[in-house]
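Q: predicted model and sequence follow; I will ask about them next.
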Amino acid sequence: MENSSSSPESLEATLEAWEARLARLEQQVAQVSRAAKQLRNAARDGAFGAAAQAGAALRDSTARLGGMVEQDAETPAVDIPAAFESGAYLAELSAAAAAAGVTLVQRDGRVTAYPVILRLEARNLGVRVGRKLERRLRPSVLAAQLKASQNRPNRFNARAFLDRLLRAYAVLAPDWRGGEGPLVALAAIYDVLTLLPAAVADYPAEEFLVDLLRLDRDPDARSGRGHRFELGGSTGTKGAKRLTVYDEDGAQHDYFAIRFASDAANA
């Protein structure tokens, strides 16, 4: 889209009006096609009278089409970077998301539409939805995609996630041999999980937070070897940086630390 406009009209309204004009343009294209087909049929049959009429109709409809293309094929002048910067786009998207049954949360400098973080990327003229750059910016279209994302089946595997956490936990609590282990900061757990440079890109912090919320919703989950878990701690827990995630309803969930517990034989 072009990057200059002083129009106060919403992006949704601008695109709706342009779409309607393009629908009429398509109808005119169909009319040109019909006239061309009539002329071809007249040529096939040698119907010179019909050919003259079809030719005139083709020239007339083509002339109208040319004028419509000149007027309606031009992309509306919309300043997307300015709309991003002013908050106008985010306000429209929030309204469209609410209409679609999706709660957008704007807190702590983040925009969340569970289970993804949204980032407005003016340079790319797109919105980063989780890891994917979405260039379809019509608010109602993006809102529908966010709703579809929330409606997808949850394939979260609590046992596999606990096994990953447990391996990192064992590194940070090397003296634990069984029973109830110490509280270990989840931020430190994440650091261990993403030690390799490429690991952060493969497993962003936002996905880790969503997995914590999903685990929290399954308190009876166990690791592959039967370890129980407890999410606990507070800002008073040593090294326990607060990790915050917002759910589908915009409710805030804070996580600080985790401990594992097991029988000695399972440690």
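A: Looks like it arrived, so ask away. Numbering: from 1, shown residues only.
Q: show me where the protein has its strands.
A: 105-107, 110-113, 116-121, 126-129, 132-134, 179-180, 184-185, 228-232, 243-246, 252-255, 257-262 (DSSP state E).
Q: check which residues of the last one are buried.
A: Across strand 257-262, burial judged by 16 or more other C-beta atoms under 10 Å covers 257-260, 262. The C-beta positions use only the backbone N, C-alpha and C, and glycine is treated the same way.
Q: how about the contacts made by the most centrally placed residue in the chain?
A: Geometric centre of the chain, nearest residue: residue 129, 3.0 Å, by C-alpha atoms, centre = their mean. By C-beta atoms under 8 Å, 6 or more residues apart in numbering, the residues touching residue 129 are 113, 116, 118, 142, 145-146, 149.
Q: ok, residue 159 - how many residues close by?
A: Using other C-beta atoms under 10 Å, residue 159 has 12 neighbouring residues.
Q: show me the contacts for the closest residue to it other than its chain neighbours.
A: Among residues not flanking residue 159 along the chain, residue 224 sits closest, at 5.8 Å (C-beta to C-beta, 6 or more residues apart in numbering). Contacts for residue 224 (C-beta under 8 Å, 6+ apart) come out as 159, 162-163.
Q: ok, of the contacts of residue 129, which one's closest to residue 63?
A: Here the nearest of the contacts of residue 129 to residue 63, counting by C-beta to C-beta, is residue 142; it sits at 38.5 Å.
Q: make sure the closest one is actually in contact with residue 132.
A: No - with contact defined as C-beta atoms under 8 Å, residue 142 does not reach residue 132; the gap is 11.5 Å.
Q: neighbour count: these two, which is higher?
A: Taking other C-beta under 10 Å, residue 142 and residue 132 do not tie; residue 142 has more neighbours (23 against 11).
Q: domain-wise, how is the chain divided?
A: As assigned by automatic domain parsing, the chain contains the domains 11-72, 80-151, 158-266.
Q: any idea how far the longest one is from the chain center?
A: Its chain's average C-alpha position is 25 Å from that of domain 158-266, according to C-alpha atoms, centre = their mean, to the nearest Å.
Q: likewise the first one?
A: In this view, domain 11-72 has its centroid 39 Å away from the chain centroid, taken as C-alpha atoms, centre = their mean.
Q: next: stretch 93-104.
A: Taking C-alpha atoms, centre = their mean, one finds stretch 93-104 lying 13 Å from the centre of the chain it belongs to.
Q: what do you get for stretch 125-134?
A: 6 Å.
Q: burial check on residue 79, number of neighbours?
A: Neighbours of residue 79 using other C-beta under 10 Å come to 18.
Q: and it, how far from residue 122?
A: 10 Å (C-beta to C-beta, to the nearest Å).
Q: next: residue 33.
A: 40 Å.
Q: more neighbours: which of the two?
A: residue 122 (15 against 12).
Q: just give the closest residue to that one, not the sequence neighbours.
A: That would be residue 81: by C-beta to C-beta, 6+ apart, it lies 3.8 Å from residue 122.
Q: in this structure, spot the helix with the most residues.
A: Longest helix in the chain, counting residues (DSSP state H): helix 11-45.
Q: if you compare the strands of the chain, which one is most tucked away?
A: Across those, the average number of neighbours (mean count of other C-beta atoms under 10 Å) peaks for strand 184-185, which reaches a mean of 23.
Q: ok, that one: who's next to it in the sheet?
A: Strand pairing for strand 184-185, determined by DSSP bridges: strand 257-262 (antiparallel).
Q: contacting residues around the lowest-mean-pLDDT helix or strand in the chain?
A: Lowest by mean pLDDT, DSSP states H and E among the helices and strands of the chain is helix 197-202, with a mean of 85. Outside helix 197-202, the residues that touch it by C-beta under 8 Å, 6+ apart are 193-194.
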